[in-house]
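using only what follows, build the 3D model:
(one chain, ligands or ions: 1)
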Amino acid sequence: MKPAPFAYARARSVDEAVALLGEKDAKLLAGGQSLIASLNMRLSAPALLIDINGIGGLDGIARNGDMVEIGALTRHAAAERSDVIAQHAPLIARAMPHIGHVAIRSRGTLGGSIAFADPAAELPACLLALNGEVEVSGPKGKRTIKADDFFKGLFETALGAQDVLTAIRVPAATKETRVGFAELARRHGDYAMVGLAASAKVDGKNLKDVRLAFFGVGATPVRAKKAEAALASGDVEAAVKALDLDPPDDVQATSAAKKHLAGVLLRRVAKQLMEARP
Ligand SMILES: Cc1cc2nc3c(=O)[nH]c(=O)nc-3n(C[C@H](O)[C@H](O)[C@H](O)COP(=O)(O)OP(=O)(O)OC[C@H]3O[C@@H](n4cnc5c(N)ncnc54)[C@H](O)[C@@H]3O)c2cc1C
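Purely as a prediction, here's the structure:
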């Protein structure tokens, strides 16, 4: 399989990438782990690829006050090995080993995964579960978009045609934070049939601020708000009953099977949320 012909430019700064995106049919190239496959299968045929890998300063991981900031070009493998992520963003640490295989995680970037917004991907669901946000640079300057407002439809986000996602921010875990993660895939490393990323805070013996973000069940990661409320009141079976997901059939599983698996995952994740440590 070969891609359709395209021109190639290597951007040296975010501003240059934004300017180049103003050209017709241009696309950013980050880790290439999703884009190159879609070019080779001719699902996409941009006239210009803008390589952002040479832009300095887009790949750090740091705790800034009460947030953890992850540069868009951070490779999955770097996040997987990061002490900052392990300590302050434990949900992302739990999700990382489920993303593809080692070779894919060596090249793929967190920014690319969020911008690509595959509905079965782990990181978009983690961003939503953590009530995170992304920083974006566009022709009118910088802006921040909350995860709740970012995922719009199938592979569709709030990014405009000339926007570059520059960083991902999630609240740093505190001693009250609890997280849970589980997915079911046919083989380890495959995209999930169904997955669940979750966060909450302990409030005495109960949970509060529960956020359940399912993936592989719709066009975007999906919050199960009725189940969140039931889980906050401590009733796991009521939370499972309150799941109102409506997944379409896909090549991996029927809608009915996905609904059943979502309940199985919710029971597992509820147990993790109720454990003592984040
Ligand atoms: C065999 C295989 C298995 C995989 N399994 C999984 C899996 O289980 N779970 C999972 O989540 N992913 C999986 N992936 C995808 C992988 O995680 C990719 O790394 C990720 O989806 C895209 O990141 P990337 O850096 O490679 O982006 P690219 O492929 O370079 O780009 C993807 C898209 O995002 C846009 N983009 C990239 N960076 C930016 C940016 N900073 N700002 C704006 N737009 C941007 C590009 O223009 C392009 O449209 C798999 C990939 C392969 C090949």
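
okay, CA-based contacts and neighbour counts for the rest of this
Will do.

give me the number of residues near residue 100?
For residue 100, the count of nearby residues is 17 (other CA atoms under 10 Å).

how many residues are close by the nearest residue to residue 98 once chain neighbours are set aside?
In space, and not counting its chain neighbours, residue 98 is closest to residue 189: 5.6 Å by CA to CA, 6 or more residues apart in numbering. When neighbours are counted by other CA under 10 Å, residue 189 registers 14.

neighbouring contacts of stretch 40-55?
Identification of contacts with stretch 40-55 by CA atoms under 8 Å, 6 or more residues apart in numbering yields 1-14, 17, 20-21, 23-31, 38-39, 73.

show me how far that stretch is from its chain's centre.
Averaging C-alpha positions (CA atoms, centre = their mean, to the nearest Å) puts stretch 40-55 21 Å from its chain's average.

of all the residues in it, which ones are buried?
Residues of stretch 40-55 classed as buried: 44, 45, 46, 48, 49, 50, 51, 52, 53, 55 (neighbour count, 16 or more other CA atoms under 10 Å).

restrict the residues you listed to those near the ligand?
When CA under 6 Å from any ligand atom is applied, no member of those is adjacent to the ligand.

so which of these are in helices?
Nothing among the buried residues of stretch 40-55 maps onto helices, per DSSP state H.

elements contacting the longest helix anywhere in the chain?
As assigned by DSSP H, the longest helix anywhere in the chain is helix 255-273. If you count contacts as 3 or more CA pairs under 8 Å, 6 or more residues apart in numbering; DSSP states H and E, helix 255-273 packs onto strand 177-184, strand 194-203, helix 236-241.

wait, which of those is closest to residue 96?
strand 177-184 (10.4 Å; CA to CA).

for the closest one, give the mean pLDDT please.
The average pLDDT for strand 177-184 rounds to 97.

so what touches that strand?
Contact with strand 177-184 is made by 90-91, 94-95, 192-202, 261, 265, 268-270, 272-275, 277-278, as judged by CA under 8 Å, 6+ apart.

that older thread, got the buried residues of stretch 40-55 as TSV, with pLDDT columns?
Below are the buried residues of stretch 40-55 laid out as TSV (pLDDT from 0 to 100):
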residue	pLDDT
44	93
45	95
46	96
48	97
49	98
50	98
51	98
52	98
53	98
55	97
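
what residues does this protein put near the ligand?
27-35, 72, 98-100, 104, 108-109, 111-113, 115-116, 121-122, 164-166, 189-191.

fine by me, thanks again.
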